[in-house]
Structure formats: structure tokens, C-alpha cells
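Undergrad: quick check, what structure comes out for this input:
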Amino acid sequence: MKRFEQIKDLVLSLEADFVKFYDKENQAAGTRVRKGLQDLKNLSQEIRIEVQNSKTASTSNN
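TA: Sure, this is the predicted structure:
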């Protein structure tokens with residue numbers, strides 16, 4: 001569940017920048033949003049690999 005908490009924390013940390021970008025048209029906030037979404041993508045990929053490796057390990061142990 002630690003990884004899920006990391007995703008939640010990352011998404012919540014982007015909220016203010018989303019508001020600044022979409023409501024106030026702050027371009028720098030848009031850059032931060034894009035970086036945060038890239039970080040989210042990378043974190044998600046890491047988790048996908050962990051899950052797959054765990055599934056593979058449990059299958060090979062049976």
C-alpha cells in the first residue's frame with residue numbers, strides 16, 4: 001500500500017498547479033503539471049514492473 005500512497009501524494013501535490021494553470025492561465029504551473037504527470041507515469045511504470053515480477057515469482061514458485 002506504500003506505493004498507492006505515493007501515487008495519491010503525487011496527484012494531490014499537483015492540485016494547486018492544475019488550478020493555477022487552468023483557472024489563472026499560469027504557464028509556469030503548466031510546466032510543473034507536465035513534469036508531475038511525467039513523474040506519475042514513471043512511478044506507475046515502476047509499480048507495473050513490480051506487480052508483474054511478483055506475479056511471475058509466485059507463479060514460478062508453485
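Undergrad: now I7. Nearest residue, chain neighbours left out?
TA: Distances taken as Cβ to Cβ, 6 or more residues apart in numbering place L43 nearest to I7, at 6.3 Å, with adjacent residues excluded. For the C-beta atoms, the positions are set from N, CA and C on the backbone; glycine is no exception.
Undergrad: elements contacting the stretch of helix or strand Q52 belongs to?
TA: In this structure, Q52 sits in helix 27-61 according to DSSP states H and E. Applying 3 or more Cβ pairs under 8 Å, 6 or more residues apart in numbering; DSSP states H and E, one finds that helix 27-61 contacts helix 2-24.
Undergrad: buried residues in the helix it packs on?
TA: L14, D17, F18, K20, F21 (16 or more other Cβ atoms under 10 Å).
Undergrad: tell me which residues are up against that helix.
TA: 26-27, 29-30, 32-33, 36-37, 39-40, 43-44, 47, 50 (Cβ atoms under 8 Å, 6 or more residues apart in numbering).
Undergrad: how about stretch 41-53?
TA: Contacts with stretch 41-53, where a contact means Cβ under 8 Å, 6+ apart, come from R3, Q6, I7, L10.
Undergrad: 6 Å instead?
TA: Residues outside stretch 41-53 that contact it (Cβ atoms under 6 Å, 6 or more residues apart in numbering): R3.
Undergrad: pull the distance from stretch 21-33 to the chain's centre.
TA: Chain-centre distance of stretch 21-33: 18 Å, with Cα atoms, centre = their mean, to the nearest Å.
Undergrad: now stretch 35-51
TA: Here the centre of stretch 35-51 is set off from its chain's centre by 5 Å, with Cα atoms, centre = their mean.
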